[in-house]
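Chemist: fold the following and give me the result.
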Amino acid sequence: MKNVSKMNLLLAVSILGVGMVAAGCKSAPELTQDQAKSLIQAKYDATAPTGASITVNNDGMVAGVAAKYWTRTTIYPNKYWADFTLTADGKKVLKLDAGGDVIKWRPESPTDSKFTIAIDTVQANHLKALGIKDVQDSASGGKMVSYNEGVDLTGVPDPLVAIAHNPGNQLTTSRTANFVLTNGAWTLQSIQ
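Modeler: The predicted model follows:
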(Lines give C-alpha, C1' and ligand atoms only; values in the text may rest on other atoms or scores of the structure.)
Protein backbone atom coordinates (compact mmCIF):
# COMPACT_ATOMS: atom_id res chain seq x y z
CA MET A 1 0.00 0.00 0.00
CA LYS A 2 2.86 2.36 0.79
CA ASN A 3 4.42 1.67 -2.60
CA VAL A 4 1.14 2.31 -4.43
CA SER A 5 0.72 5.65 -2.61
CA LYS A 6 4.29 6.59 -3.41
CA MET A 7 3.76 5.64 -7.06
CA ASN A 8 0.54 7.68 -7.26
CA LEU A 9 2.27 10.66 -5.65
CA LEU A 10 5.23 10.30 -8.02
CA LEU A 11 2.87 10.05 -11.02
CA ALA A 12 0.92 13.15 -9.89
CA VAL A 13 4.14 15.13 -9.41
CA SER A 14 5.39 14.00 -12.85
CA ILE A 15 2.14 15.04 -14.55
CA LEU A 16 2.21 18.38 -12.74
CA GLY A 17 5.85 18.90 -13.77
CA VAL A 18 5.10 18.10 -17.43
CA GLY A 19 2.13 20.49 -17.32
CA MET A 20 4.25 23.27 -15.86
CA VAL A 21 6.97 22.75 -18.48
CA ALA A 22 4.37 22.77 -21.26
CA ALA A 23 2.82 25.95 -19.85
CA GLY A 24 6.25 27.62 -19.74
CA CYS A 25 7.03 26.71 -23.36
CA LYS A 26 4.23 28.66 -24.95
CA SER A 27 5.07 29.84 -28.44
CA ALA A 28 5.45 33.55 -29.04
CA PRO A 29 2.30 35.36 -30.17
CA GLU A 30 2.08 36.28 -33.83
CA LEU A 31 3.19 39.77 -34.90
CA THR A 32 1.01 40.93 -37.78
CA GLN A 33 1.73 43.72 -40.26
CA ASP A 34 -1.06 45.80 -38.70
CA GLN A 35 0.37 45.34 -35.20
CA ALA A 36 3.86 46.24 -36.43
CA LYS A 37 2.51 49.37 -38.14
CA SER A 38 0.64 50.38 -34.98
CA LEU A 39 3.77 50.01 -32.83
CA ILE A 40 5.89 52.00 -35.30
CA GLN A 41 3.26 54.74 -35.68
CA ALA A 42 2.88 54.96 -31.89
CA LYS A 43 6.64 55.65 -31.69
CA TYR A 44 6.36 58.41 -34.32
CA ASP A 45 3.30 59.91 -32.62
CA ALA A 46 5.16 60.00 -29.28
CA THR A 47 7.87 62.25 -30.73
CA ALA A 48 7.44 65.97 -31.24
CA PRO A 49 6.01 66.88 -34.66
CA THR A 50 8.35 68.71 -37.02
CA GLY A 51 8.11 70.73 -40.19
CA ALA A 52 8.99 69.03 -43.46
CA SER A 53 12.35 69.88 -45.00
CA ILE A 54 12.00 70.89 -48.64
CA THR A 55 14.73 71.43 -51.21
CA VAL A 56 13.78 74.22 -53.61
CA ASN A 57 15.25 74.12 -57.13
CA ASN A 58 14.78 76.63 -59.97
CA ASP A 59 11.27 75.32 -60.74
CA GLY A 60 10.44 75.63 -57.05
CA MET A 61 11.67 79.22 -57.01
CA VAL A 62 9.35 80.06 -59.92
CA ALA A 63 6.45 78.28 -58.17
CA GLY A 64 7.19 80.17 -54.93
CA VAL A 65 7.01 83.51 -56.77
CA ALA A 66 3.72 82.46 -58.41
CA ALA A 67 2.32 81.42 -55.00
CA LYS A 68 3.46 84.79 -53.59
CA TYR A 69 5.66 83.12 -50.94
CA TRP A 70 8.63 85.30 -51.94
CA THR A 71 9.28 88.20 -54.25
CA ARG A 72 12.46 89.22 -56.06
CA THR A 73 13.98 92.28 -54.42
CA THR A 74 17.44 92.42 -56.03
CA ILE A 75 18.88 91.20 -59.33
CA TYR A 76 22.63 91.24 -59.82
CA PRO A 77 24.58 92.39 -62.94
CA ASN A 78 25.16 88.80 -64.12
CA LYS A 79 21.33 88.51 -64.44
CA TYR A 80 21.08 85.06 -62.79
CA TRP A 81 21.88 85.93 -59.17
CA ALA A 82 19.03 87.44 -57.20
CA ASP A 83 17.73 88.07 -53.72
CA PHE A 84 14.15 87.12 -52.87
CA THR A 85 12.38 88.29 -49.73
CA LEU A 86 9.70 86.19 -48.02
CA THR A 87 6.26 87.75 -48.17
CA ALA A 88 3.81 87.85 -45.25
CA ASP A 89 2.06 84.81 -46.79
CA GLY A 90 5.39 83.04 -47.16
CA LYS A 91 6.31 83.63 -43.51
CA LYS A 92 3.03 81.98 -42.48
CA VAL A 93 3.86 78.69 -44.22
CA LEU A 94 7.66 78.35 -44.37
CA LYS A 95 10.96 79.35 -42.86
CA LEU A 96 14.42 79.39 -44.39
CA ASP A 97 16.97 76.86 -43.13
CA ALA A 98 19.58 79.62 -43.37
CA GLY A 99 17.44 81.83 -41.15
CA GLY A 100 16.17 85.32 -41.85
CA ASP A 101 13.73 86.21 -44.59
CA VAL A 102 16.00 86.67 -47.63
CA ILE A 103 16.73 83.91 -50.13
CA LYS A 104 20.15 84.43 -51.70
CA TRP A 105 19.84 82.74 -55.09
CA ARG A 106 23.42 82.14 -56.30
CA PRO A 107 23.61 79.48 -59.04
CA GLU A 108 26.97 78.99 -60.81
CA SER A 109 25.54 79.85 -64.24
CA PRO A 110 22.21 80.69 -65.90
CA THR A 111 21.79 77.00 -66.77
CA ASP A 112 22.85 75.61 -63.35
CA SER A 113 20.15 73.06 -62.52
CA LYS A 114 21.84 71.83 -59.33
CA PHE A 115 21.65 74.95 -57.17
CA THR A 116 18.99 74.71 -54.44
CA ILE A 117 17.97 76.27 -51.16
CA ALA A 118 16.45 74.53 -48.15
CA ILE A 119 13.24 75.52 -46.40
CA ASP A 120 11.05 73.99 -43.70
CA THR A 121 7.29 74.04 -43.48
CA VAL A 122 5.80 75.86 -40.52
CA GLN A 123 3.10 73.18 -40.36
CA ALA A 124 4.50 70.45 -38.11
CA ASN A 125 3.42 66.82 -38.47
CA HIS A 126 4.49 63.36 -37.35
CA LEU A 127 6.23 60.96 -39.70
CA LYS A 128 4.07 58.14 -41.09
CA ALA A 129 4.76 54.40 -41.36
CA LEU A 130 3.83 53.34 -44.91
CA GLY A 131 4.03 50.18 -47.02
CA ILE A 132 4.65 47.69 -44.22
CA LYS A 133 6.21 44.52 -45.70
CA ASP A 134 5.89 40.95 -44.38
CA VAL A 135 7.08 40.39 -40.82
CA GLN A 136 10.29 38.31 -40.75
CA ASP A 137 12.18 36.44 -38.02
CA SER A 138 15.38 38.23 -37.06
CA ALA A 139 18.73 36.62 -36.25
CA SER A 140 18.41 37.76 -32.61
CA GLY A 141 15.21 35.75 -32.09
CA GLY A 142 12.89 38.71 -32.47
CA LYS A 143 10.98 39.98 -35.47
CA MET A 144 11.73 42.63 -38.06
CA VAL A 145 9.81 44.41 -40.78
CA SER A 146 10.79 46.70 -43.64
CA TYR A 147 8.65 49.73 -44.44
CA ASN A 148 8.76 53.29 -45.75
CA GLU A 149 8.95 56.25 -43.40
CA GLY A 150 6.98 59.07 -45.01
CA VAL A 151 6.82 62.81 -44.53
CA ASP A 152 3.27 63.95 -43.76
CA LEU A 153 2.29 67.13 -45.62
CA THR A 154 -1.20 67.38 -44.11
CA GLY A 155 -2.08 71.04 -43.60
CA VAL A 156 0.67 72.29 -45.92
CA PRO A 157 -0.72 74.56 -48.71
CA ASP A 158 -0.96 72.98 -52.17
CA PRO A 159 1.68 75.20 -53.84
CA LEU A 160 4.21 74.22 -51.16
CA VAL A 161 3.23 70.54 -51.51
CA ALA A 162 3.87 70.84 -55.27
CA ILE A 163 7.32 72.34 -54.58
CA ALA A 164 8.01 69.42 -52.20
CA HIS A 165 7.32 66.99 -55.05
CA ASN A 166 9.98 68.58 -57.30
CA PRO A 167 13.20 66.61 -57.95
CA GLY A 168 15.70 66.69 -55.11
CA ASN A 169 13.19 66.08 -52.34
CA GLN A 170 13.02 62.79 -50.48
CA LEU A 171 9.58 62.35 -49.01
CA THR A 172 10.03 58.67 -48.06
CA THR A 173 12.92 56.70 -46.60
CA SER A 174 13.31 52.91 -46.39
CA ARG A 175 13.52 51.73 -42.79
CA THR A 176 13.66 48.48 -40.83
CA ALA A 177 11.94 48.10 -37.45
CA ASN A 178 13.11 45.48 -34.94
CA PHE A 179 10.76 43.98 -32.37
CA VAL A 180 11.39 41.95 -29.21
CA LEU A 181 9.09 39.89 -27.02
CA THR A 182 8.64 41.60 -23.65
CA ASN A 183 6.43 39.97 -20.99
CA GLY A 184 4.59 37.99 -23.67
CA ALA A 185 3.92 40.96 -25.99
CA TRP A 186 5.81 42.37 -28.97
CA THR A 187 7.46 45.74 -28.42
CA LEU A 188 9.38 48.00 -30.79
CA GLN A 189 13.08 47.77 -30.01
CA SER A 190 14.64 49.98 -32.70
CA ILE A 191 14.21 51.63 -36.09
CA GLN A 192 17.10 51.66 -38.52
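Chemist: just give me the residue right at the centre of this structure.
Modeler: E149 (3.5 Å; Cα atoms, centre = their mean).
Chemist: so which strand or helix has it?
Modeler: Per DSSP states H and E, E149 falls inside strand 143-150.
Chemist: just the element for V161, please.
Modeler: helix 158-164.
Chemist: what is the mean pLDDT for that helix?
Modeler: Across helix 158-164, pLDDT averages out at 97.
Chemist: can you mark which positions in it are buried?
Modeler: For helix 158-164, the neighbour count (16 or more other Cβ atoms under 10 Å) marks P159, L160, V161, I163, A164 as buried. All C-beta spots, glycine's among them, are computed from the backbone N, C-alpha and C.
Chemist: quick one: the strands in this structure?
Modeler: 50-56, 70-75, 82-86, 94-96, 102-105, 117-125, 128-130, 136-137, 143-150, 172-182, 185-191 (DSSP state E).
Chemist: which of those strands sits closest to K37?
Modeler: strand 128-130 (5.2 Å; Cβ to Cβ).
Chemist: now the closest one, how far from the chain's geometric center?
Modeler: 6 Å (Cα atoms, centre = their mean, to the nearest Å).
Chemist: so which elements touch that strand?
Modeler: helix 33-46, strand 143-150 (3 or more Cβ pairs under 8 Å, 6 or more residues apart in numbering; DSSP states H and E).
Chemist: what's the longest one in contact with?
Modeler: Counting by Cβ atoms under 8 Å, 6 or more residues apart in numbering, helix 33-46 makes contact with 126-129, 132-135, 143, 145, 147, 177, 179, 186-188, 191, all of which sit outside it.
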